[in-house]
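# Based on what follows, work out the 3D shape:
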Amino acid sequence: MEEDQNKGFDNLKRNRGRGLSLIKKKVFDLRSKDRFDLKSEKWFRRDRIRDSLCCEEVDNGDLWNKIDWCGVKGRKKCGSLWCKRCRDVVSRICEKRVYENIDFLDNELKNEGEIVRVGNDDLYMLNGVIGINKFDEDDILKSLSWDNNRWKRIKRRIDKLNKKYFIELCYEFELVNGLFLMNSVGRKNEYKKKCIRQLKEVRKDISINDVFIFSHFHCISNMDSKVLKRVCGSDFYVGGRKIIKNNDCGLYVRKFISKNSFDKNIRKLSNYSFKDVFRFKYDFVGSNYLNGEYLNNDELGKLISLYDKLSGRGYRRLFKNISNFDIKKDWIVN
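As a prediction, this is how the structure comes out:
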C-alpha cells in the first residue's frame, strides 16, 4: 500500500515537472515557434513587475499599487514606462514635440514661397552618449546637469546660424551588467564593449564587471553631420576621442529610412527611448537565451523605481529641445 502511494506521488511530481517545463518553454524561450499568447505575456509581465517592486531588496509596494491601479475608477495615472497606457502617452508626447518643430519649418518654407514640405530627406536620427553611471538616482542627475550645460553651449552656437535648426532629444537609461556584456558573443555587441571601455576611462570609480547605467539619448534633427560638427565641435568626445562608430561631430548620424513613410519614421523613433525592459540586450557565453538574459527581481525593481524618480513632472526630464526658433511648448501631462 505504501509502495503504491509513493509511486503515485512520484508520478505526480513527474507530471508536474513536465507541466512546468512546458510553461517555461512557452513563456521564457522566445525562439520557440509555439509562443505563448498575448494574454499569457501580459500576465507574465504583470507578475514580474509586482514581484520585482515588492521583493525585499526593493520594497516599493507603493509604486506597484500605483501601476496596478493606474487610471482605475478615476485614479491618477501611474506614469511608468512599464505601464502600456502610460508608455504610449509618453511616446505620443515625443511625437507631438517633433511635429511641432516640423510644422514651424513648414510654415517658414510657406512664408518664403516654397511649396515643398519637410520629408524623409530633410531629417536625421541622432544617437549620443552621456556616460556610464552608478545605479543611483543622484549620480545620474549629476550627469544630466552636466549634459544640460553641454547643450547650452551647443544652443548658443546654433543661435548664430542663419538657417532654422532643431534637435528633439529623448533620454534613455539602459541597465548594463558589465560581466555579461564583456562575455557576450556576436558582432553587434562589439561596438557596445568598446564604447563602455572608452567611457570607463573617465569613470574609474565604476568597475567594468559591475551592474551600472549606460546613459544616452536618441534625437531627431534637421541638421546633417557637417552642421553638427560645426555646432558640437568636440563636446561629445570622450578622452579627446570620438566614440567608436560615431561621426566626427561625436554623434551617430543617420538619415531617415527612405522606404518607410514619413509618419512611420516619426512614430518609430518616438517610441525608441521608451521601453518596458525585462531583459539585458545581450547574452553571456553559456546563456540559454538568444534575446537577452532576464533581469532578476532586484535589478528590475530598482530600474522601474529609478525611472519613476528620474522622469519628473510630465516626463520633463526625459526630453530636451534645442533650436534657434520659438514654438509653443505645451507638453505637460497630469
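# list the contacts for Phe236?
Phe236 makes contacts with Gly128, Val129, Arg150, Lys242, Ile243, Asn246, Cys249, Gly250, Leu251, as judged by C-beta atoms under 8 Å, 6 or more residues apart in numbering. Using the backbone N, CA and C atoms, a C-beta is placed for each residue, glycine as well.
# what does Ile322 give?
Applying C-beta under 8 Å, 6+ apart, the residues near Ile322 are Trp151, Ile154, Lys155, Ile158, Phe166, Ile167, Leu169.
# So which of those is the closest to Phe212?
Nearest to Phe212 among the contacts of Ile322: Leu169, at 21.8 Å, using C-beta to C-beta.
# ok now the one helix or strand that closest one maps to, how far from the chain's centre?
For Leu169, the host element (DSSP states H and E) is strand 166-177. Taking the mean of its C-alpha atoms, strand 166-177 sits 6 Å from the chain's own mean (C-alpha atoms, centre = their mean, to the nearest Å).
# in its sheet, what does that strand sit against?
Strand 166-177 sits in its sheet next to strand 211-221 (antiparallel), strand 319-323 (antiparallel), going by DSSP bridges.
# next SSE after it?
On the C-terminal side of strand 166-177, the nearest following helix or strand under DSSP H and E is helix 178-182.
# now the helix or strand following that next one: how far from the chain's centre is it?
The helix or strand immediately downstream of helix 178-182 is helix 190-200, counting by DSSP H and E. Mean-position distance between helix 190-200 and its chain equals 18 Å (C-alpha atoms, centre = their mean).
# which parts of helix 190-200 are buried?
Across helix 190-200, burial judged by 16 or more other C-beta atoms under 10 Å covers Lys192, Lys193, Cys195, Ile196, Gln198, Leu199, Lys200.
# Now flag whichever of the residues you listed is closest to Glu112.
Nearest to Glu112, judged by C-beta to C-beta, of the buried residues of helix 190-200 is Cys195 at 41.2 Å.
# Leaving out the residues flanking it, which one is nearest to that closest one?
Nearest non-adjacent residue to Cys195, counting by C-beta to C-beta, 6 or more residues apart in numbering: Ile243, 5.7 Å away.
# dump the residue contacts of the one you found.
Ile243 sits in contact with Val129, Cys195, Gln198, Phe236, Tyr237, Gly250, Tyr252, where contact means C-beta under 8 Å, 6+ apart.
# Take those and write them to CSV, including secondary structure.
Shown next, in CSV, are these (DSSP: H, G, I helix; E, B strand; the rest coil):
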residue, secondary structure
Val129, strand
Cys195, helix
Gln198, helix
Phe236, coil
Tyr237, coil
Gly250, coil
Tyr252, strand
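# List just the nearest of those to Leu306.
Closest to Leu306, out of all of these and judged by C-beta to C-beta, is Val129, at 18.4 Å.
# pretty sure that closest one contacts Leu199?
Yes - when contacts are counted by C-beta atoms under 8 Å, Val129 is listed as touching Leu199 (6.9 Å).
# so what sits against both of those two?
The contact sets of Val129 and Leu199 overlap at Phe214, Val238 (C-beta under 8 Å, 6+ apart).
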